[in-house]
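# With the sequence up front, the predicted model follows.
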Amino acid sequence: MLKYALIFALIALVAGALGFGGVAAGAAGIAKLLFGLFLLMAVVFVVLAALGVGAAKKVLD
């Protein structure tokens with residue numbers, strides 16, 4: 001997902017440099033959305049991993 005966010009950000013930069021404002025704005029919006037989803041999923045997985053380590057320690061003790 002981060003890969004696609006970076007691709008859309010690059011498309012936005014190139015389109016903006018060439019004067020295609022509408023395409024650049026659309027691509028930038030998609031890049032922001034994908035990056036936000038990536039961050040949200042990363043935080044969820046870090047929390048789940050932290051909770052899983054605690055649960056595994058309880059089982060082993």
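Looks like it came in fine. Numbers count the residues shown, from 1 in each chain.

# Quick one: the helices in this structure, in order.
Here the chain has its helices, by DSSP state H, at 2-18, 21-60.

# Of the ones you listed, flag the one that's most buried.
Neighbour counts (mean count of other CB atoms under 10 Å) averaged over each of the helices of the chain peak at helix 2-18, with a mean of 15. For the C-beta atoms, the positions are set from N, CA and C on the backbone; glycine is no exception.

# Measure how that one sits relative to helix 21-60, angle-wise.
Angle, helix 2-18 to helix 21-60, by axes from the mean of the first three to the mean of the last three CA atoms, to 10 degrees: 160 degrees.

# could you dump helix 2-18 to CSV, C-alpha only?
The C-alpha coordinates for helix 2-18 follow below in CSV (Å, rounded to 0.1, in the frame of the first residue of the first chain):
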residue,chain,number,x,y,z
LEU,A,2,2.9,2.3,0.7
LYS,A,3,4.3,1.5,-2.7
TYR,A,4,1.1,2.7,-4.4
ALA,A,5,1.0,5.9,-2.2
LEU,A,6,4.5,6.7,-3.4
ILE,A,7,3.5,6.0,-7.0
PHE,A,8,0.5,8.4,-6.8
ALA,A,9,2.6,11.0,-5.1
LEU,A,10,5.1,10.8,-7.9
ILE,A,11,2.3,11.0,-10.5
ALA,A,12,1.0,14.1,-8.7
LEU,A,13,4.5,15.8,-8.8
VAL,A,14,5.0,15.1,-12.5
ALA,A,15,1.4,16.2,-13.4
GLY,A,16,1.8,19.3,-11.3
ALA,A,17,5.1,20.1,-13.0
LEU,A,18,3.5,19.7,-16.4
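
# what's it in contact with?
By CB atoms under 8 Å, 6 or more residues apart in numbering, the residues outside helix 2-18 that reach it are 21, 23-25, 27-28, 30-31, 34-35, 38.
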